[in-house]
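> sequence? don't have it. structure:
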């Protein structure tokens, strides 16, 4: 049994490769540059294979003979279902650390694989893990959920490109479809999307976040899917920025990237530079705070703090691979939060990545943002 990791030399891929190797799996490590793969291949005694995911023959050869293909390459808004279809054609199951709604929708429109094929999308920190946490907090549906997600850390490579593309929907291959990505300032209220219902805020008293932060409300398609699934009365989701430069850079790029390679590369470079400026003099961290209020039960709060969102994404993906191999995931194309066990996923993360801390609180009544 071989597990293939595409994008193995990146921040997510290298962590996932090491943790899968520790479990005794035989690995095939793939990436565009053999020089980046060789040290990791030697360290893990793993096969390495140079592969450009945009080259059909190389991608097919990479997937051939594998049990599972784990995609850690991006940007996901451009890759979409390309790697998933190559894995399916080779008879390999598929786990994608991102992929998200666009790829899932494409596979619904034109299915791939046989009746036994399994594909798991969004098997990373966001939205996979984030959408599992409220289920872990309470078995009951309903209630009012507020999420604060963000911090301060470097943003580079595929992550920077995905961030840019998420702000520029016309760059997507799903242009012309009815797929909705998300909306700034929106929230979920009384069973429906409420536009222009939340404002950007600045505060220096947000619990668990040090110093002054900026809160940008944003209701994504994945957050809305969570609200529908959990029958939430309300969902308010805030992206938290500890620095000013990245926030201003992203605001300036909204709607201004035309999708060309040059435009995307330039925008991604600007995002990377802005994140490094914000980080100067600070210790990197990323944090997600979930506040859940339900009738007749104490107010609940969960806090996930990590020194690396890339490592946290990798740990989530490894947990998804393990669930698939145990036979816990049925055949079909799934979002991770629909098929993974919240408790097992969080246990796996705690075991794999010591740099992530998971806390759970409850009290009779808490002021918002303060505990």
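All right, it came through fine. These numbers come from a predicted model, not from an experiment.
> which one is the residue nearest the centre of the chain nearest to, not counting chain neighbours?
Within the chain, one residue has its C-alpha closest to the average C-alpha position: by C-alpha atoms, centre = their mean, that is residue 126, at 3.0 Å. With C-beta to C-beta, 6 or more residues apart in numbering as the criterion, residue 126 has its nearest non-adjacent residue at 7.1 Å, and that residue is residue 149. Just so you know, the C-beta spots here come from the backbone N, C-alpha and C atoms, and that holds for glycine as well.
> return the list of helices and strands in contact with the host helix or strand of that neighbour.
Secondary structure from DSSP states H and E places residue 149 in strand 144-152. Packing contacts for strand 144-152, counted by 3 or more C-beta pairs under 8 Å, 6 or more residues apart in numbering; DSSP states H and E, involve helix 130-137, helix 221-230, strand 234-241, helix 261-279, strand 285-293.
> show me which residues of the second one are buried.
Pointing back at helix 221-230 there. Under the neighbour-count criterion of 16 or more other C-beta atoms under 10 Å, helix 221-230 has 221, 222, 223, 224, 225, 226, 227, 230 buried.
> count the residues that sit near the closest residue to the first one other than its chain neighbours.
In this case it means residue 221. Leaving out its chain neighbours, the residue that sits closest to residue 221 by C-beta to C-beta, 6+ apart is residue 101, at 5.0 Å. By the criterion of other C-beta atoms under 10 Å, residue 101 has 21 neighbours.
> so for the helix or strand residue 101 falls within, mean pLDDT?
For residue 101, the host element (DSSP H and E) is helix 100-109. Across helix 100-109, pLDDT averages out at 89.
> my read is that the residue nearest to residue 126 contacts residue 288, right?
Yes: between residue 149 and residue 288 there is a contact under C-beta atoms under 8 Å: 4.7 Å.
> and residue 136, what does it touch?
Listed by C-beta atoms under 8 Å, 6 or more residues apart in numbering, the contact set of residue 136 reads 302, 342, 343, 346.
> quick check: angle from the host helix or strand of the first one to strand 285-293?
To tie it back to what came earlier, the one meant is residue 302. For residue 302, the enclosing helix or strand under DSSP H and E is strand 299-306. Angle of strand 299-306 versus strand 285-293, following axes from the mean of the first three to the mean of the last three C-alpha atoms, to 10 degrees, is 170 degrees.
> flag every buried residue along strand 299-306.
Quick answer for strand 299-306 (16+ other C-beta under 10 Å): 299, 300, 301, 302, 303, 304, 305, 306.
> now stretch 83-102
Buried residues in stretch 83-102, counted by 16+ other C-beta under 10 Å: 83-88, 90, 92-102.
> how many neighbours does residue 116 have?
Taking other C-beta under 10 Å as the definition, residue 116 ends up with a neighbour count of 10.
> the residue lying closest to it once chain neighbours are set aside: how many residues sit nearby?
Distances taken as C-beta to C-beta, 6+ apart put residue 331 closest to residue 116, at 5.1 Å, once the chain neighbours are dropped. In terms of burial, residue 331 registers 13 neighbours under the definition other C-beta under 10 Å.
> what's near enough to touch residue 13?
Applying C-beta under 8 Å, 6+ apart to residue 13 gives the contacts 5, 6, 7, 29, 31, 70, 72, 73, 314.
> low pLDDT regions in the chain?
For the chain, the stretches flagged by pLDDT under 70 are 165-179, 259, 364-371.
> name the residue most distant from the centre of it?
Relative to the C-alpha centroid of the chain, counting by C-alpha atoms, centre = their mean, residue 296 is the outermost residue, at 32.7 Å.
> phi, psi for it please.
Summarising the backbone geometry of residue 296 under the convention degrees, to the nearest 10, its torsions are phi 70, psi 20.
> now the helices: where do they sit in the stretch 1-150 of the chain?
Counting by DSSP state H, counting those that start in this stretch, one finds helices in the stretch 1-150 of the chain at the ranges 11-22, 34-44, 56-63, 76-79, 82-89, 100-109, 130-137.
> among those, which comes closest to residue 268?
For the helices of the stretch 1-150 of the chain, proximity to residue 268 was assessed by C-beta to C-beta; helix 76-79 is nearest, at 11.8 Å.
> my guess is residue 204 contacts residue 211, does it?
Yes: at 6.3 Å, residue 204 and residue 211 qualify as touching, with contact defined as C-beta under 8 Å.
> give the contact list for residue 334.
Applying C-beta under 8 Å, 6+ apart, the residues contacting residue 334 are 118, 119, 120, 121.
> returning to that earlier point: let me have the helices and strands packed on strand 144-152 in JSON lines, adding distance to residue 155 as columns.
What follows is the helices and strands packed on strand 144-152, written out as JSON lines (distance: least, C-beta to C-beta, whole Å):
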{"stretch": "helix 130-137", "distance to residue 155": "17"}
{"stretch": "helix 221-230", "distance to residue 155": "19"}
{"stretch": "strand 234-241", "distance to residue 155": "11"}
{"stretch": "helix 261-279", "distance to residue 155": "4"}
{"stretch": "strand 285-293", "distance to residue 155": "10"}
